[in-house]
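Novice: heads up, no residue letters with this:
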């Protein structure tokens, strides 16, 4: 019998199609392989092919030249622009505002062949520090309300350049899905006087069936009502609402992230994936009901008409089975 | 300057990346071609390869044999099952219910090589009658709250069988996105005492910049804040909340649907697409604030980390440009 499960934060329903019970080998797998390209704008020596850097970790070398370990540059084709005021206005019966914001690219390494799964864990930690540095800088701009940080790994997950990189989009509004998470978490808090994410961490550590791995500071789990097969969340054990306030655990996070990605690489044969940092809105103080975390989504299935129309997802792999496969993948 | 536009129904924001302004030829295009297969379960003569039909339009021929023009069968691998009661229960800190519902396939024609764009318009009309007949039948089952009807055309849009077909999923809950539409439409009605969809039809007919075509009974438009490039909506001019009550205009709808699909085929070179029937919940009476319509989404871009994390979409083609391309495509 298929099961319909409720997402404990947003409240949306997911169909867990247990009768299909798709195993890793049942998905069409197109391993992400780094092939190399003739001229890569993100490789060392090609710094002039990107807009000037807004942040770089380098050893006393000059900006916009080689010698860096990590580099952040504005997106050459930005979805939003930093110039101008946020003007909201009517447009006939409709509403719009101008596209003020920021769109940056975090180039995590000059090494074209590296991925986060094959990188040293310190490299992954460094990436999280860069995310924090950019958030802290952009937060001073009061026009901005939210910063979405994410990675598209592999063409199937939306990456157009194969050299590993993450992206940051700073927005003049809090996006809908984030607001829904915040609203849902607030309702839970009002009713139970506890953070829903803290509840999930405690429950999953005790239950164990969806636990992928645990460290002193993190639990990596497949969520109870995942939209996608092998969706995995990394949740800090300590309650902190803003990612940029979580720096005490970035070193451990580097290891956890790298290990989860290696497990996915092993269990699913180097899948394309997205990860997204979920964090509280920029201009809010610490929130007792929201809890930053990371969601990782391997790209295994196609989203089709049913999902676009309903916001209701059909997931062919129960999260308990996915967690078992990921535990069995070892530390890779 | 990119623009951020608000969806007038749901209230979510969309970035219209005007500076990219992608034209039809800028998308990677993989035309959907019907190649034929050795044994197709949806072709005439292979009726035993599907579960027994729940509806068929046939000329006095026996059920589950040849001689039909349209056939509806349960999905062989259903996401939900018709048997059993809807039991809601707690599961530790979580909530679930069993997967009661229906999952059916509407095989619109025995002709393997036909698509809705190449079919006679009466064939497309017949499909809408079949949708209605199934809704009217399933509506009597009080366990069911919503029926989502959609089509995945082409592999990139999620079709696993190339013989043209639509799908119906009947659910024991109203899906989130539908509920958001209904809530948004109700808020508009409470404030303005008018249906938001009626407002959109009137505005778009007057404005003209997003109008793809108009008939006595329908307006086909690219919406003001589309999530996807070349997204097109077909809106009935008369206010009716439930698709199954709109039968007076199905004949005209057949022509409109076919014409829009032919325009998309011409402008975008036979794209994969999804369409979704948006209609009011099954067990509601006529609603003054909701208005059935059809959303058509050509599959041109990949949804990536930003969209999954934020529910915020970046659309590289302004709907005014998309409408112009579709108008220019003629009646094909």
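Specialist: Sure thing, it's come through. Quick caveat, the model's predicted, so the values are computed rather than measured.
Novice: all contacts plus neighbour counts: C-alpha atoms, from now on.
Specialist: Noted.
Novice: which bits of the stretch 201-332 of chain A sit near chain B?
Specialist: Counting by Cα under 8 Å from any Cα of the partner chain, the positions of the stretch 201-332 of chain A adjacent to chain B are A:203, A:224, A:274-278, A:302-306, A:309-312, A:314.
Novice: Go again with 7 Å.
Specialist: Residues of the stretch 201-332 of chain A lying near chain B by Cα under 7 Å from any Cα of the partner chain: A:274-276, A:302-306, A:309-312.
Novice: now swap in the stretch 1-150 of chain A and tell me
Specialist: A:1-6, A:8, A:12, A:17, A:79-80, A:94-99, A:150.
Novice: What segments of the stretch 151-300 of chain A are strands?
Specialist: Counting by DSSP state E, counting those that start in this stretch, the stretch 151-300 of chain A has strands at residues A:165-171, A:211-214, A:218-221, A:232-236, A:273-278, A:293-298.
Novice: So residue A:68 sits against residue A:57, correct?
Specialist: Yes: between residue A:68 and residue A:57 there is a contact at 5.6 Å, judged by Cα atoms under 7 Å.
Novice: Need the strands of the stretch 151-300 of chain A in TSV (columns: mean neighbour count and mean pLDDT).
Specialist: Formatted as TSV, the strands of the stretch 151-300 of chain A follow (neighbours: other Cα atoms under 10 Å in any protein chain shown; pLDDT from 0 to 100):
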stretch	mean neighbour count	mean pLDDT
strand A:165-171	22	96
strand A:211-214	22	98
strand A:218-221	24	98
strand A:232-236	25	98
strand A:273-278	24	96
strand A:293-298	23	97
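Novice: In CSV: the ones you listed, plus distance to residue B:324.
Specialist: Output for the strands of the stretch 151-300 of chain A, formatted as CSV (distance: least, Cα to Cα, whole Å):
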stretch, distance to residue B:324
strand A:165-171, 30
strand A:211-214, 51
strand A:218-221, 48
strand A:232-236, 43
strand A:273-278, 34
strand A:293-298, 36
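Novice: which residues in chain A form helices?
Specialist: Assigned by DSSP state H, chain A shows helices spanning A:121-138, A:176-192, A:196-207, A:250-268, A:305-310, A:319-328.
Novice: For those, which has the smallest mean pLDDT value?
Specialist: Of all these, mean pLDDT reaches its minimum on helix A:305-310 (a mean of 80).
Novice: what comes up buried for it?
Specialist: Within helix A:305-310, the residues that count as buried by 16 or more other Cα atoms under 10 Å in any protein chain shown are A:305-310.
Novice: out of the residues you listed, who's nearest residue A:258?
Specialist: Nearest to residue A:258 among the buried residues of helix A:305-310 is residue A:307, at 30.3 Å by Cα to Cα.
Novice: show me what contacts the residue nearest to that closest one when sequence neighbours are not counted?
Specialist: The shortest distance from residue A:307 to any non-neighbouring residue, by Cα to Cα, 6 or more residues apart in numbering or on different chains, is to residue A:313 (5.5 Å). Applying Cα atoms under 7 Å, 6 or more residues apart in numbering or on different chains to residue A:313 gives the contacts A:14-15, A:227, A:307.
Novice: again, only using 10 Å
Specialist: Residues near residue A:313 by Cα atoms under 10 Å, 6 or more residues apart in numbering or on different chains: A:4, A:12-16, A:225-228, A:303-304, A:306-307, B:175.
Novice: again, but for residue A:312
Specialist: By Cα under 10 Å, 6+ apart, the contact set of residue A:312 is A:12-15, A:227, A:306, B:174-178.
Novice: can you check residue A:271 too?
Specialist: Residue A:271 touches A:29-33, A:153-154, A:156-157, A:261, A:264-265, A:297-300, counting by Cα under 10 Å, 6+ apart.
Novice: Please pick the buried ones from these.
Specialist: For the contacts of residue A:271, buried by 16+ other Cα under 10 Å: A:29-30, A:32, A:153-154, A:156-157, A:261, A:264-265, A:297-300.
Novice: between these, which is nearest chain B?
Specialist: Comparing the buried ones among the contacts of residue A:271 against chain B with Cα to the nearest Cα picks out residue A:157 as the nearest, at 5.7 Å.
Novice: what sits against that closest one?
Specialist: A:151, A:271-275, A:297-300, B:302-305.
Novice: do the same with residue A:125
Specialist: So residue A:125 contacts A:247, A:249-258 (Cα under 10 Å, 6+ apart).
Novice: List just the nearest of the residues you listed to chain B.
Specialist: Nearest to chain B among those is residue A:257, at 16.3 Å by Cα to the nearest Cα.
Novice: Tell me how many other residues crowd that closest one.
Specialist: Neighbourhood size, residue A:257 [other Cα atoms under 10 Å in any protein chain shown]: 21.
Novice: What sits closest to the most centrally placed residue in chain A if chain neighbours are left out?
Specialist: The residue lying closest to the centre of chain A (Cα atoms, centre = their mean) is residue A:276, at 1.4 Å. Nearest residue to residue A:276 in three dimensions, chain neighbours excluded: residue A:150, at 4.3 Å (Cα to Cα, 6+ apart).
Novice: Check residue A:262 too.
Specialist: Nearest residue to residue A:262 in three dimensions, chain neighbours excluded: residue A:117, at 5.1 Å (Cα to Cα, 6+ apart).
Novice: ok, now residue A:125?
Specialist: Using Cα to Cα, 6+ apart and skipping the chain neighbours, the partner closest in space to residue A:125 is residue A:254 (4.2 Å).
Novice: Surely that neighbour is in contact with residue A:215?
Specialist: No: assessed by Cα atoms under 10 Å, residue A:254 is found out of contact with residue A:215, at 11.7 Å.
Novice: The two: which is more packed in?
Specialist: Between residue A:254 and residue A:215, residue A:254 has the larger neighbour count (other Cα under 10 Å), namely 20 against 13.
Novice: For the closest residue to residue A:166 other than its chain neighbours, give me its contacts.
Specialist: With Cα to Cα, 6+ apart as the criterion, residue A:166 has its nearest non-adjacent residue at 4.4 Å, and that residue is residue A:151. Residues counted as contacts of residue A:151 (Cα under 10 Å, 6+ apart) are A:105-106, A:157-159, A:164-168, A:273-277, A:296, B:304-306.
Novice: From residue A:277, how far off is residue A:151?
Specialist: Per Cα to Cα, to the nearest Å, residue A:151 is found 9 Å from residue A:277.
Novice: which neighbours do those two share?
Specialist: Common neighbours of residue A:151 and residue A:277, counting by Cα under 10 Å, 6+ apart, are A:168, A:296, B:305-306.
Novice: Thanks a lot, see you next time.
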